[in-house]
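Student: Provide a 3D model corresponding to the input given below.
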Amino acid sequence: MNQPVPDPRSTGHDVPADLSTVQLIDRLGAQVSTLVRTEIAHGLAEVKSKGTRLGIGVGISGAGVLLLLYGFGALIATAILGLATALEPWLAALIVAVVVLAVGGVLAAVGAKRAKQAVPPVPQDTAESVRDDVAVVKESMK
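Tutor: Purely as a prediction, here's the structure:
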């Protein structure tokens with residue numbers, strides 16, 4: 001009497017000791033394939049979520065920066081008009097422009113330095129999960 005061969009892709013209730021080497025290898029392949037697909041799906045979901053939050057944040061920040069720009073322009077005009085009461089108007093405008101350009105140059109340099117130090121938006125949770133999976137596999141091979 002031949003007993004039916006259990007499906008190696010069954011729910012996992014089969015005892016590995018009862019399975020043949022071919023069945024175990026087939027099961028391993030299926031499990032590794034499922035694990036890789038799952039990790040890729042989690043990574044994509046994490047990157048998509050971070051990208052969506054980044055996009056919304058950039059949009060809101062862009063609107064705020066535009067309003068700040070208009071306000072800063074009004075303050076510059078006010079400074080020029082205020083200096084024009086004591087100096088020639090062209091000289092007042094030149095002084096204010098030089099100060100604004102100097103401050104802008106310093107801010108641009110600081111911003112560029114910080115941007116270079118920024119960490120790329122990688123799927124950190126998924127990377128950690130993959131590291132854990134690799135560690136478990138290495139440990140089980142010992």
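Student: After the strand or helix carrying Ala79, which helix or strand is next? Please name it.
Tutor: Assignment of secondary structure by DSSP states H and E places Ala79 within helix 21-83. Later in the chain than helix 21-83, the nearest helix or strand by DSSP H and E is helix 89-117.
Student: Just checking, which helix or strand succeeds that following helix along the chain?
Tutor: helix 124-141.
Student: tell me what that next one is packed against?
Tutor: Applying 3 or more CB pairs under 8 Å, 6 or more residues apart in numbering; DSSP states H and E, we find helix 124-141 packed against helix 21-83. Bear in mind the C-beta positions are built from the backbone N, C-alpha and C, glycine included.
Student: Next, the angle helix 89-117 makes with the helix it packs on.
Tutor: Put simply, helix 21-83 runs at 170 degrees to helix 89-117, going by axes from the mean of the first three to the mean of the last three CA atoms, to 10 degrees.
Student: Now do the helix holding Ala79 against helix 124-141: the angle between them, please.
Tutor: Using the same axes, to 10 degrees: helix 21-83 against helix 124-141 is 150 degrees.
Student: what about helix 21-83, average pLDDT?
Tutor: In this model, helix 21-83 has an average pLDDT of 89.
Student: Can you spell out which helices and strands pack onto it?
Tutor: helix 89-117, helix 124-141.
Student: would you turn those helices into TSV with mean pLDDT, distance to Lys48 and mean neighbour count?
Tutor: As requested, those are exported to TSV (pLDDT from 0 to 100; distance: least, CB to CB, whole Å; neighbours: other CB atoms under 10 Å):
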stretch	mean pLDDT	distance to Lys48	mean neighbour count
helix 89-117	91	23	11
helix 124-141	80	12	11
